[in-house]
Each structure stands twice: as C-alpha cells, then as structure tokens.
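# Here's a sequence, model it:
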Amino acid sequence: MDEFKTNWTREELKAYILLYCAYANFIETKAEKEFIKTKVGEEKYRQVHKEFDHDNDYQRIQKIQHTITRYDYSKSEIDRLFENIKKMFLADGSMDILEENIYRGLQHLLK
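This next block holds a predicted model:
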C-alpha cells in the first residue's frame, strides 16, 4: 500500500488527475496539454508528468483515490474538480467515448 501514498500538494493532485483524463483516449493533445499548464503551470506540469509516465493505470487510480481521501475533499471541491475535468476533456473540441467513460468512472470513484 505504501507505493500508492503520495505527498502531493493539491495542485500536484489536480495536475495528475488532469493528465490521467488527458490520456483517456491514449493521446494528450496540444489543447489538453495547454489547458493543464494554465491550471498548474509549466514546472508543475513537467514534474507531475514525469511521475505519471512511470505509473501504470492501477497505480494512477490508487494514487488519486488515496490523495483525495487524504485531503478529505468536500462535495463542492469534488464538484469544482469535475468542472475542470470536463473543461479539459472539451479543450480539444469534443468529448469522445473513452473520455466519457473515464469521466463516469472517476465520478463513481470520487463522489
């Protein structure tokens, strides 16, 4: 279980979740990349991306769940997070079926 614990800040968690969503369809578009950078900054984006690239899907979900729980996000904080997730999915113009599935899956896990 220790491998899923993080010491991320809330900003790093946001970056990681948005990256997870960007890779829902296995392609991080330029628009998605730019959206994430506007939310967390270039340096945080690069730093989190490095960790993200080394994790598999199971580790990613576990880390997200663990960190959301650690911060004890309120319903309104979760709602704001999902607003950003939806905006990120729409950054490249549309939300495809894979992105919709990730969105629903995250709602199930985090709400």
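# State the distance from N7 to Q107.
The span separating N7 from Q107 equals 26 Å under the rule Cβ to Cβ, to the nearest Å. Every residue, glycine included, has its C-beta placed from N, CA and C.
# Report the contact partners of the spatially most central residue of the chain.
The residue lying closest to the centre of the chain (Cα atoms, centre = their mean) is I17, at 1.0 Å. By Cβ atoms under 8 Å, 6 or more residues apart in numbering, the contact list for I17 reads 64, 81, 85, 106.
# Which of those fall in helices?
Counted as lying in helices by DSSP state H, out of the contacts of I17, are 64, 81, 85, 106.
# residues touching the first one, list them.
Contacts of I64 were listed using Cβ under 8 Å, 6+ apart, and they are 13, 16-17, 20, 106, 109-110.
# would CSV of the residues you listed with secondary structure be doable?
Shown next, in CSV, are the contacts of I64 (DSSP: H, G, I helix; E, B strand; the rest coil):
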residue, secondary structure
L13, helix
Y16, helix
I17, helix
Y20, helix
L106, helix
L109, helix
L110, helix
